[in-house]
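**Student:** sequence and predicted model, in that order:
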Amino acid sequence: MNTPRAFFRKNLPHYLMVLPFFALFAIFFLYPIAYGIWISLTKWNGVKPPVFVGLKNYINIFTNPMVLFWTALGNLGKFIIIVVPVGVIIALGLAILVNQFTPRWASVFRALYFFPIIIPLFLSASIWRFLFVDKGIISSVLAGVGLHIQWLNDPKYEILAVAIVDMWRAIGFHFLLLFTAIKGIPDEYYDAAKVDGANGWQIIRYITIPQLEPVLFLVVVNAFIGGLQSFDLPWLLSLSQAQAYGGVSHGMLFPVMTIYAQAWSALAFGQSAAYAVILGIIVLAITGIQFGFRQWRLSR
Amino acid sequence: MTETLTSSLATKPISKKTRPAFLRKLKVGVVLRWVVALMWVIIALFPLWWVVCVTFSPTGVPVTQQWFPSSLSAGLQKIQMVLQQNQKPTIPNAFMVSLYYIIIQTAGIVIVCSMAAYEFALFKFKGSNFLFTLALSSLMFPLVVTLIPLFRLVVSLKWMNTFQGLAVPGMASAMALFIFRQFMENLPQELMDAARVDGASHFRVYWSIIMPLSWNAILTVIVLNAVGIWGNYLWPLVTMTKPEMQPISVVVAGVAGMQEWKTADFAITVYFLSAIPPIAIYAFLQRYITKGFTMSGLKG
């Protein structure tokens, strides 16, 4: 029974069916991760053979001001501080609001709110750049009420511009998740609250929001991870090129932009690979915290 | 008869007093609800509406004055100009490249991932849990970690500027695997037992019983990937260096930076055209998109 032959006769058909997936997975995911870690430990311009340098690339990223690691991280921090609270509050507000309409109208609103997600990011960024330019439609409307903001040229507002476009997109997605979750809350909860004499606000505060907590948490984590990986949007909004990137005073510099530009214009493959590994570790750490937090919540 | 009469008489004075006030209160709430809900509709749709307005307006009208489309013929003329522009990369060519990219990668994803999902959903075999967890864990890694090593791999396979270089690395999609498995798990087990009794082979059961029943999942995966691949920007940007191999994302993003094409009319008309395919997919297959996005958002 336990001979290798019997084992294979029993399991081989299964292994053959999953083989195509895992062959591709090994070649184009597992191997590149290992290979990327190796590249990150070398100095390599892509032409000459790589030279092993140990952790030098990592130290360089943290200490060399030319890499602008801390600038990118600072931008990311500002971005998250705007996007998470504002985006979540608007998405939650809209989800509660739309839930008050009849199902037919609710599904109409859902379809329309989700629309920005369908527009590819490269296209949204390109269109919004035209909306944000000086003498563009946003600037001229704001100038009408006395606000003169140079969205794309003033380092003070660059992150805000990126955040606005990101929220315009992400709110549609977060809305969908929250709205689906709200519809999943059993009616009995609301009925019980009404019997107890709770008013509209109390129902939202003590029933809807606690029930949505897992989704809200997910939305916050997604915003972090999304920001860490964002490239298309800040890259195209700032009209970046591999030689000159990040917008005015690097106000739109995001981590992935450095990785791309340093690898493909400065040919610093080793250092870019190291930067990518750092990002990977940060994302894994956030996911780990999320997972641990969820376990902790469940165990209580 | 008398009973209904008296009851209606009895309620009438009360309703006369309370109804107007009640109605007024209701109205303010309802109107406010509609105003806010519609405001977000306007925000969600405005950027694309603006693109339509500029495309379908005579050349030379300042963009800040175009709130409605005013000339169909001007729009058609611009579209003709864009399609006939013969400097590489041409727009029709970019459309075709994107189309091939979608067809090749999506076909690969559907075949490879559904085969593996069939095993994970319906069978238990040695290592099945480990393999499935391994595949899903790739969803936690940011793609940028593999960007540089994957690029080097494609270079050494001599896959630069080829469709296999563009499409094959993304075929082992953990997300598609997840969607297929979720769906197939709910298929009735009796079907397979019946097939087994008939002596159908392992692969036959997958191909002629499970797959024909999985159209919902197949369509969800196709639609989700088609929209996603249409928007892929960074990967084609690094691997497709020849103009005639660049998909729509790279070409559209390059429009703003190109000297020869610099008129805003040209760029915005290109934006208009490249927004049509995803919007068409969304218009006809909205159900699958929202389902797929909800599943991908709530994974794990």
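**Tutor:** Everything's here; your move. Residues are numbered from 1 along each chain as shown, chains lettered A, B, ... in the order given.

**Student:** and the residue of the stretch 1-150 of chain A closest to chain B?
**Tutor:** At 2.8 Å from chain B, A:P120 is the closest residue in the stretch 1-150 of chain A, using Cβ to the nearest Cβ. From N, CA and C alone the C-beta is placed, and that goes for glycine too.

**Student:** look up how far B:S208 lies from that residue.
**Tutor:** 37 Å (Cβ to Cβ, to the nearest Å).

**Student:** what's the burial count for the residue of the stretch 101-250 of chain B found nearest chain A?
**Tutor:** Nearest residue of the stretch 101-250 of chain B to chain A: B:G231, at 2.8 Å (Cβ to the nearest Cβ). Neighbour count of B:G231, defined by other Cβ atoms under 10 Å in any protein chain shown: 21.

**Student:** give the contact list for A:W151.
**Tutor:** Applying Cβ atoms under 8 Å, 6 or more residues apart in numbering or on different chains, we find A:W151 in contact with A:F132, A:V133, A:I138, A:S139, A:Y157, A:E158, A:L160, A:A161.

**Student:** nearest residue to the residue of the stretch 101-250 of chain B closest to chain A other than its sequence neighbours?
**Tutor:** Closest residue to B:G231 apart from its sequence neighbours, by Cβ to Cβ, 6 or more residues apart in numbering or on different chains: A:P120 at 2.8 Å.

**Student:** tally of neighbours for the one you found?
**Tutor:** 24.

**Student:** list the contacts of the helix or strand hosting B:I79.
**Tutor:** Using DSSP states H and E, B:I79 maps to helix B:72-84. The contact list for helix B:72-84 (Cβ under 8 Å, 6+ apart) reads B:55-59, B:69, B:91-92, B:265-266, B:269-270, B:272-273.

**Student:** near chain B, which residues of the stretch 51-200 of chain A?
**Tutor:** Residues of the stretch 51-200 of chain A lying close to chain B by Cβ under 8 Å from any Cβ of the partner chain are A:90, A:94, A:97-98, A:100-101, A:109-131, A:135-137, A:140, A:168, A:171-173, A:176-177, A:180.

**Student:** still on that earlier bit, touching, the residue nearest to B:G231 and B:A226? I think so.
**Tutor:** No: using Cβ atoms under 8 Å, A:P120 makes no contact with B:A226, being 11.2 Å away.

**Student:** against B:T146, how distant is the residue in the stretch 151-300 of chain A that chain B sits nearest to?
**Tutor:** Residue nearest to chain B within the stretch 151-300 of chain A: A:G280 (4.0 Å; Cβ to the nearest Cβ). Look at A:G280 and B:T146: by Cβ to Cβ, they are 9 Å apart.

**Student:** one more: B:S208?
**Tutor:** With distances taken as Cβ to Cβ, B:S208 is found 36 Å from B:T146.

**Student:** also A:Y15?
**Tutor:** Counting by Cβ to Cβ, the gap between A:Y15 and B:T146 amounts to 25 Å.

**Student:** which one's more surrounded, these two?
**Tutor:** Counting neighbours by other Cβ under 10 Å for A:Y15 and for B:T146 shows that B:T146 has the greater number, 24 against 16.

**Student:** where does that one land in three-state SS?
**Tutor:** When classified by DSSP: H, G, I helix; E, B strand; the rest coil, B:T146 comes out as helix.

**Student:** repeat that for B:N86.
**Tutor:** coil.

**Student:** OK, contacts around it?
**Tutor:** Contact criterion Cβ under 8 Å, 6+ apart gives no residues in contact with B:N86.

**Student:** what count of nearby residues applies to residue 145?
**Tutor:** Since you didn't name a chain, this refers to chain A. 6.

**Student:** you answered for a different chain; I wanted chain B.
**Tutor:** Neighbours around B:V145, by other Cβ under 10 Å: 27.

**Student:** which non-adjacent residue is nearest it?
**Tutor:** Spatially, and ignoring its direct neighbours in sequence, B:V145 is nearest to A:G280 (4.0 Å; Cβ to Cβ, 6+ apart).

**Student:** quick one: which helix or strand includes that neighbour?
**Tutor:** Here A:G280 is assigned to helix A:269-299, by DSSP H and E.

**Student:** chain center to stretch B:80-93, what's the gap?
**Tutor:** Stretch B:80-93 has its C-alpha centroid displaced from the chain centroid by 25 Å (Cα atoms, centre = their mean, to the nearest Å).

**Student:** wait, doesn't A:L253 sit right on A:G247?
**Tutor:** Yes: A:L253 lies in contact with A:G247 (Cβ under 8 Å); the separation is 7.0 Å.

**Student:** need the residues touching each of these two.
**Tutor:** With contacts defined as Cβ under 8 Å, 6+ apart, the residues shared by A:L253 and A:G247 are A:P234.

**Student:** would you map the helices across the stretch 101-250 of chain B?
**Tutor:** B:128-137, B:144-156, B:163-167, B:174-185, B:189-197, B:202-204, B:211-213, B:215-231, B:234-239, B:248-255 (DSSP state H, counting those that start in this stretch).

**Student:** if you compare the ones you listed, which one is most tucked away?
**Tutor:** Of all the helices of the stretch 101-250 of chain B, helix B:248-255 has the most neighbours on average by mean count of other Cβ atoms under 10 Å in any protein chain shown, namely a mean of 24.

**Student:** run through who's touching that helix.
**Tutor:** The contact list for helix B:248-255 (Cβ under 8 Å, 6+ apart) reads A:120, A:122-123, A:125-126, A:232, A:236, B:89, B:91, B:94-95, B:97-98, B:230-233, B:236-237, B:240, B:246, B:261, B:266-267, B:270-271, B:274.

**Student:** quick one: which of those sit in strands?
**Tutor:** Of those, none are assigned to strands by DSSP state E.

**Student:** just to revisit the earlier point, can I get the CA coordinates of the helix holding B:I79 in CSV?
**Tutor:** Presented in CSV, the C-alpha positions along helix B:72-84 are these (Å, rounded to 0.1, in the frame of the first residue of the first chain):
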residue,chain,number,x,y,z
LEU,B,72,-20.4,65.3,-33.3
SER,B,73,-18.6,65.9,-36.6
ALA,B,74,-15.7,67.6,-34.8
GLY,B,75,-15.4,64.5,-32.6
LEU,B,76,-15.5,62.1,-35.5
GLN,B,77,-12.9,64.2,-37.3
LYS,B,78,-10.6,64.0,-34.3
ILE,B,79,-11.1,60.3,-34.0
GLN,B,80,-10.3,59.9,-37.7
MET,B,81,-7.1,62.0,-37.2
VAL,B,82,-6.0,59.8,-34.3
LEU,B,83,-6.6,56.6,-36.2
GLN,B,84,-4.8,57.8,-39.3
